[in-house]
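Next comes the sequence, and after it the predicted model I'd like to discuss.
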Amino acid sequence: MGRKKLQMKRIDDKSSRQVTFCKRRSGLMKKARELSILCDVQVAVVVFSSRGKLYESCARADRFLEGSDIEELSVTKLMHLEEQLNSALVRTRSRKAQLMMKALVTLREKEGKVRDENELLKQEIVATEKDDDNNNQTDSSPQHATLQLLPGF
């Protein structure tokens with residue numbers, strides 16, 4: 001029998017949420033280590049808890065570092081790690097900016113459509129009010145034809 005599909009939504013119970021965070025964080029770190037070993041790549045994982053606590057790790061095929069293990073690195077290796085993190089941060093921010101600009105363009109398009117629709121509705125309201133006014137005038141005095149002149153005629 002398989003496991004049931006988990007619905008992706010925020011866990012309301014604080015205790016359950018914390019347990020899930022710890023288990024999944026350690027699973028994520030394990031996956032990063034495995035990816036590094038299997039594919040011979042360098043991996044960095046940075047996780048911030050809901051309280052702002054930093055959990056970090058970086059992995060190379062020959063070494064895996066977590067939090068306090070970084071203190072063992074030489075200045076040269078730390079500088080290299082910092083360069084890699086800065087490079088990843090620049091790419092992440094660039095991608096974020098692209099996605100935000102795309103979302104902004106989409107929202108502006110929606111805004112234009114809503115404005116157009118609003119203008120059409122205003123025109124329909126004005127036309128309906130004119131029809132109602134015309135019907136009221138003809139209904140109140142059916143024996144006399146009423147001629148309305150627009151201003152300027």
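Nice, thanks for sending it over.

and Ala32, how many neighbours does it have?
19 (other CB atoms under 10 Å). Glycine gets a C-beta too; all of them are placed from N, C-alpha and C.

tell me the SS of it?
Under DSSP: H, G, I helix; E, B strand; the rest coil, Ala32 falls in the helix class.

separation between it and Tyr55?
Spatial separation of Ala32 from Tyr55 under the definition CB to CB, to the nearest Å is 12 Å.

go on, Gln123?
Gln123 sits 58 Å away from Tyr55, going by CB to CB.

repeat for Leu89
Distance, Leu89 to Tyr55, using CB to CB: 17 Å.

Next, count neighbours for Tyr128.
Tyr isn't right for residue 128; it's Thr. By the criterion of other CB under 10 Å, Thr128 has 10 neighbours.

swap in Leu35?
Using other CB under 10 Å, Leu35 has 16 neighbouring residues.

Surely Thr92 forms part of a helix?
Yes - according to three-state DSSP, Thr92 belongs to a helix.

Mind pulling up the pLDDT for it?
Looking at Thr92, its pLDDT reads 85.

same thing with the one 10 residues further on?
Predicted confidence (pLDDT) for Lys102: 93.

which element is it on?
Assigned by DSSP states H and E, Lys102 falls within helix 75-140.

Find out how far that helix is from the centre of the chain, if you would.
Shown here is helix 75-140, whose average C-alpha point lies 14 Å from the average C-alpha point of the whole chain (CA atoms, centre = their mean, to the nearest Å).

and that helix, what does it pack onto?
Judged by 3 or more CB pairs under 8 Å, 6 or more residues apart in numbering; DSSP states H and E, helix 75-140 is in contact with strand 43-48.

got the contact list for the strand it packs on?
Surrounding strand 43-48, the residues in contact under the criterion CB atoms under 8 Å, 6 or more residues apart in numbering are 25, 28-29, 32-33, 35-36, 54-59, 81, 84-85, 88.

and it, which strands flank it?
The partner list of strand 43-48 in its sheet, established with DSSP bridges, is strand 54-60 (antiparallel).

Now do the strand it pairs with against helix 75-140, angle only.
Interaxial angle of strand 54-60 relative to helix 75-140 (axes from the mean of the first three to the mean of the last three CA atoms, to 10 degrees): 120 degrees.
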